[in-house]
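Asks: Okay, sequence plus prediction incoming.
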Amino acid sequence: MLRYVYAGDLNAHADLAHSMFVDRADQFQTRLGWDVQVDHRGEERDQYDALNPLYVIWEMPDGRHGGSMRFLPTTGPVMVNDVFSNLTGGNPISSPLIWECTRFCLSRQATGNVAGALTLAGLEIMRNLSVSHFAGVFDRRMVRIYRSLGFSPEIIKSAGVGRDRISLGLWEYNVQAYQRVAQRAGIAPEMSQLWFDRSLGSTSAVAPMRLTG
């Protein structure tokens with residue numbers, strides 16, 4: 001199932017949170033060889049985890065992490081502006097309607113539908129919180145994955161060559177993408193909305209974007 005958890009509430013999900021940060025260390029340091037900080041507990045964290053981001057976490061039947069992503073509004077500090085300003089042309093992305101998505105992580109034990117479920121969760125955030133776009137920086141290997149999930153970004157700018165090539169992308173919400181990703185993930189929109197409501201409550205104060213065209 002999907003959980004939506006703000007960093008300030010992770011203590012209520014201690015085992016799930018610990019396994020998420022350990023899996024991040026495994027993916028980003030061990031498997032991808034990134035220069036990331038891993039603490040004595042084997043957890044990978046950075047300064048953006050201290051800014052109360054919203055995490056989407058796929059919880060496996062045993063209560064452990066199966067996959068996750070991290071979201072922050074671009075009105076505050078975000079990696080795309082702080083670390084990848086070369087891709088923004090020196091013009092920071094800052095809007096309450098644009099959030100940054102980072103730290104897409106899959107556990108080694110993740111099943112085939114977890115990536116799709118996480119993508120649908122991102123669209124659920126957009127739909128329920130009236131976020132029009134996600135911004136994120138990704139490497140070349142992710143292009144095929146995004147295409148297979150049915151939610152590819154508009155590439156704003158790229159840098160580097162070969163395996164070192166990275167790109168800044170913008171993902172735009174639309175009903176067709178939501179329905180397409182839900183179908184490919186094998187998750188009914190009603191179940192997706194239920195998981196969101198269980199985690200964050202009904203968003204009746206801010207009406208979700210319509211599911212029909």
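Replies: It's in.
Asks: going forward, measure contacts between C-alpha atoms and count neighbours the same way
Replies: Fine.
Asks: Now the phi/psi pair for residue 109, please.
Replies: Note on residue 109: backbone dihedrals following degrees, to the nearest 10 are phi -90, psi 0.
Asks: what's the nearest residue to it once chain neighbours are set aside in contact with, if anything?
Replies: Setting aside the residues directly before and after it, residue 109 is nearest to residue 66 in space (Cα to Cα, 6 or more residues apart in numbering), at 6.6 Å. Contacts for residue 66 (Cα atoms under 8 Å, 6 or more residues apart in numbering) come out as 20, 57, 58, 59, 60, 106, 107, 108, 109, 110, 111, 114.
Asks: among those, which ones are buried?
Replies: Among the contacts of residue 66, those buried by neighbour count (16 or more other Cα atoms under 10 Å) are 20, 57, 58, 59, 60, 106, 107, 110, 114.
Asks: Show me which of the residues you listed is closest to residue 32.
Replies: residue 106 (12.3 Å; Cα to Cα).
Asks: Nearest spatial neighbour of the closest one, chain-adjacent residues omitted?
Replies: residue 67 (4.2 Å).
Asks: Surely the one you found forms part of a helix?
Replies: No. Residue 67: not assigned to a helix; according to DSSP: H, G, I helix; E, B strand; the rest coil it is strand.
Asks: Surely it and residue 118 touch.
Replies: Yes. Residue 67 lies in contact with residue 118 (Cα atoms under 8 Å); the separation is 7.4 Å.
Asks: shared neighbours of the two, anything?
Replies: Common contact partners of residue 67 and residue 118 (Cα under 8 Å, 6+ apart): 57, 58.
Asks: So for the two, which sits in the more crowded spot?
Replies: Set residue 67 next to residue 118 and count neighbours by other Cα atoms under 10 Å: residue 67 wins out with 28 against 25.
Asks: which residues does the more buried one contact?
Replies: Contact analysis of residue 67 by Cα under 8 Å, 6+ apart lists 20, 57, 58, 59, 104, 105, 106, 107, 110, 114, 115, 118.
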